[in-house]
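Student: Model the structure of this input:
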Amino acid sequence: MYDEFRHLAFEDVRYRLSDVGLANLIKFYGEALLSSQGLIRERVARHYVQLVQSEDEHRRPAFKQLQSALRDDALNEKNRKRIGDWLDPELKALLD
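Tutor: As a prediction, this is how the structure comes out:
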């Protein structure tokens, strides 16, 4: 179900020129990262970081959301590490 959701979100941007699906995908990533229910799945963390890396410099909602989450002291340390495992040094510096 996640794969289909992700695919349709990107398809909306590409073919329908709508960012509604992408906005919902970003919201999903944020909720998965900040969930107190458990650890963010590795594949979801990787896709989240890939999305952040692919964003245009002018409008970066996923970047801003991730930056805010990483600055939140309430973020689960295991989730912080899981995301951190996918960050390259340049992106990590930008997020700090």
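Student: Any idea how far stretch 34-49 is from the middle of the chain?
Tutor: 8 Å (Cα atoms, centre = their mean, to the nearest Å).
Student: what does stretch 30-46 give?
Tutor: Chain-centre distance of stretch 30-46: 9 Å, with Cα atoms, centre = their mean.
Student: buried stuff in the helix or strand of the chain with the lowest mean pLDDT?
Tutor: Considering only helices and strands, the least confidently modelled element of the chain by mean pLDDT, DSSP states H and E is helix 2-16, at a mean of 93. For helix 2-16, the buried set under the neighbour-count rule, 16 or more other Cβ atoms under 10 Å, comprises 6, 9, 12. Every C-beta, even on glycine, is put in place using the N, C-alpha and C of the backbone.
Student: can you give me the angle the next helix or strand after it makes with helix 2-16?
Tutor: Scanning forward in sequence from helix 2-16 by DSSP states H and E, the next helix or strand is helix 20-34. Taking axes from the mean of the first three to the mean of the last three Cα atoms, to 10 degrees, one finds that helix 20-34 is oriented at 150 degrees with respect to helix 2-16.
Student: Check what contacts helix 20-34 and list those residues.
Tutor: Contacts of helix 20-34 from elsewhere in the structure, counted by Cβ atoms under 8 Å, 6 or more residues apart in numbering, are 5-6, 8-13, 40-41, 44-45, 47-48, 51, 61-62, 65-66, 69, 72, 74-76, 79, 83.
Student: Give me the pLDDT value at Gln37.
Tutor: In the predicted model, Gln37 carries a pLDDT score of 80.
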